[in-house]
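1. What would the 3D arrangement of this be:
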Amino acid sequence: MRDGHAAPGGDPAVDDTGPVAAGTARTAATDRRGRVVAALMLAMALSALDSTIVSTAVPQIVGDLGGFSYFSWLFSGYLLAVTVTLPVHGRLSDTFGRKPVLVAGAAVFLLGSLLCALAWNMAALVAFRIVQGLGGGALQATVQTLAADLYPLEQRPRIQARLSTVWAVSSVAGPGLGGALATYADWRWIFLINLPIGALALWLIVRHLHETRPAVPSRPRVDWLGACTVFACGGALLTALVQGGVAWDWLSAPSLALFGTGLALVAVLVVVERRAAEPVIPGWVWRRRTIAAVNLALGALGLLMIAPAVFLPTYAQTVLGLAPVAAGFVLSVWTLTWPVSAALSQHVYRRIGFRDTALLGIGVAALTLAAFPLLPYPGHAWQPMLLMTVLGAALGLFQLPLVVGVQSSVRWEERGTATASVLFCRQTGQTVGAALFGAVANGVLAARLGGSGGLDAVTGSLGDGAVPEATRRAVADAVEAVYLGAAGAAALAFLVLLVLAPRTFPVLRD
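-> Numbering: from 1, shown residues only. Alright, predicted model coming up:
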């Protein structure tokens, strides 16, 4: 069967499997599914908001709790916990069902939110943010999987586009909402606001989601040793990437120790997973060409997303002279075209297939990123906005067909693991991208400014008045170098799909 042409199937994940002739039962089932989707969107919004909402409230938090020297762990601790738990939650959802994992994850997330609001010092707040991240990993892993369970292939782009919209809007709105709460209320409301929203989502899931899981031949076994090894391995490597060049030099003893420990644990993980009866990261995730190619391609997506998300606002303020709000708007336009393009991508991949649609999207993205250094200096705000508009449309055409294609190529009992592997690779790509492109930008700035400071120093000087012309030029050169690196990542994703991915994805009936 050619990819994108599978006939609509039944719904194994919710209780709408009654006879077609029973119109009343079908209407009730549709209503239940709508409430479950609303809960998934709320859960997605919470997970996305908490990735960014703390950023603008740091001055108030530090002023209240102290501990400025390690406030960066408010972000990295949460993201590390989310990333390293994704494979585990995906595997658990295949073993025990989506609902138990989602309910448990939401409960842990809400508990972490409450504890964060009650934190008495910075160390406690960082620890509770990690608790939040443990639950946030379950939210991300199961929400995307349930979206595929709830809808047949033809309808999945619509629900995935809704989730993409929620994620994009929440991520962009997070800093503004966090700043408003910290300024006009109290920074603790940043976490307390999660409680009523999360409680509503949790109630909708418990009340309206009724799974019908395939029968398992024996009592499921959980690979707890593998899960602990994944935590340790991912934690060591991601901590080295997050803190390297920030808390310590790349070639310092802490950095080398973390990288060495992480690589040693990778070898241990391979041995543990080969011996496990039901491994957390099963070998088929990388043996199947479709999933392996998509994992690598979306890892490159995470890498290239860092260029606009992190560096474009600084470019807009320093080079274009925009205010922070206007600079944020220059970036936010891609959140408008990304979900629209994703929703419309089904009309493309039904004609040319999942792989070729993704190739079209990432090809356009590579050209768009490579065009950034060609912008005139200093230029006008509409010029990078135009590029971001095109980039968002291209990435929507790239990402969603790959996610839908992977989810449609596996059975129900493999879908959670496959989806989590895709999300894990994208998150890991973002972490690598932040470290790599941060080093590139700081290197260019040091060369242009005679080693007088890096990107953080330039960003910190924005509020001091007019930016010197030499600094504007240096920032423009640094961001152009980052965009060229992102274009290289896009080209790498193109080659991976072209060489490794099958032209026709295998599509299984629901």
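
2. where's residue 78 relative to residue 49, distance?
-> Note on residue 78: its distance to residue 49, by Cβ to Cβ, to the nearest Å, is 11 Å. Backbone N, C-alpha and C define where each C-beta goes, glycine included.

3. typo on my end, residue 119
-> 18 Å.

4. go on, residue 387?
-> Residue 387 is 27 Å from residue 49, by Cβ to Cβ.

5. do residue 131 as well
-> 17 Å.

6. do residue 352 as well
-> 36 Å.

7. okay, those two: which has more neighbours?
-> Neighbour comparison, residue 352 and residue 49: the larger count goes to residue 49, with 24 against 15 (by other Cβ atoms under 10 Å).

8. Run a quick check on that one versus residue 168, I expect a contact.
-> No - the pair residue 49 / residue 168 is not scored as a contact, 11.8 Å apart, by Cβ atoms under 8 Å.

9. Go ahead and flag the most central residue of the protein.
-> Closest residue to the average C-alpha location of the chain: residue 427 at 5.2 Å, with Cα atoms, centre = their mean.

10. Look up the pLDDT of that one for me, please.
-> Each residue has a pLDDT score; the one for residue 427 is 85.

11. which residues does it contact?
-> Residue 427 sits next to 79, 82, 83, 86, 302 when contact means Cβ atoms under 8 Å, 6 or more residues apart in numbering.

12. if you set the cut-off to 7 Å instead, what comes out?
-> Going by Cβ atoms under 7 Å, 6 or more residues apart in numbering, residue 427 touches 82, 83, 86, 302.

13. possible to save those residues as TSV with neighbour count and pLDDT?
-> Formatted as TSV, the contacts of residue 427 follow (neighbours: other Cβ atoms under 10 Å; pLDDT from 0 to 100):
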residue	neighbour count	pLDDT
82	27	86
83	23	84
86	26	87
302	21	89
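
14. Closest one to residue 211 out of those, please.
-> residue 86 (20.5 Å; Cβ to Cβ).

15. That closest one belongs to a helix, doesn't it?
-> Yes - assigned with DSSP: H, G, I helix; E, B strand; the rest coil, residue 86 falls within a helix.

16. isn't residue 420 right next to residue 143, touching?
-> No - under the criterion of Cβ atoms under 7 Å, residue 420 is not in contact with residue 143, lying 11.1 Å apart.

17. more crowded one of the two?
-> Per other Cβ under 10 Å, whichever of residue 420 and residue 143 has more neighbours is residue 420, with 29 against 26.

18. Model confidence score at the more buried one, please.
-> Reported pLDDT for residue 420: 88.

19. next one: the one 4 residues further on
-> Here the pLDDT value assigned to residue 424 is 88.

20. In contact with the closest residue to residue 76 other than its chain neighbours, which residues?
-> In space, and not counting its chain neighbours, residue 76 is closest to residue 242: 4.4 Å by Cβ to Cβ, 6 or more residues apart in numbering. By Cβ under 7 Å, 6+ apart, residue 242 lies in contact with 76, 80, 431.

21. Now go through those and say which are in helices.
-> 76, 80, 431 (DSSP state H).

22. Let me know the distance separating the second one from residue 129.
-> Residue 80 is 10 Å from residue 129, where distance means Cβ to Cβ.

23. can you tell me how far the residue nearest to the centre of the chain sits from residue 85?
-> 10 Å.

24. Specify the local secondary structure of residue 376.
-> coil.

25. okay but residue 493 is in contact with residue 294, surely?
-> No - counting by Cβ under 7 Å, residue 493 stays clear of residue 294, with 10.0 Å between them.

26. Wasn't residue 210 part of a helix?
-> No - under the criterion used here (three-state DSSP), residue 210 is coil, not part of a helix.

27. Could you check the pLDDT of it?
-> pLDDT, residue 210: 80.

28. Can you report how many residues lie near it?
-> Counted with other Cβ under 10 Å, residue 210 comes out at 13.

29. For residue 155, see how far away it is.
-> Taken as Cβ to Cβ, the span from residue 210 to residue 155 is 19 Å.

30. do the same with residue 162
-> Taken as Cβ to Cβ, the span from residue 162 to residue 155 is 11 Å.

31. between the two, who's got more neighbours?
-> residue 162 (18 against 13).

32. Would you enumerate the residues in contact with the more buried one?
-> With Cβ under 7 Å, 6+ apart, residue 162 has these contacts: residue 41.

33. Just the element for it, please.
-> helix 156-184 (DSSP states H and E).

34. Okay, buried residues for that helix please.
-> 156-157, 159-175, 177-179, 181-182 (16 or more other Cβ atoms under 10 Å).

35. Out of the contacts of residue 242, flag the one nearest to residue 441.
-> residue 431 (16.1 Å).

36. Look up the pLDDT of the closest one for me, please.
-> On the pLDDT scale, residue 431 gets 81.

37. With the one 4 residues further on instead?
-> Residue-level confidence at residue 435 comes out at 80, pLDDT.
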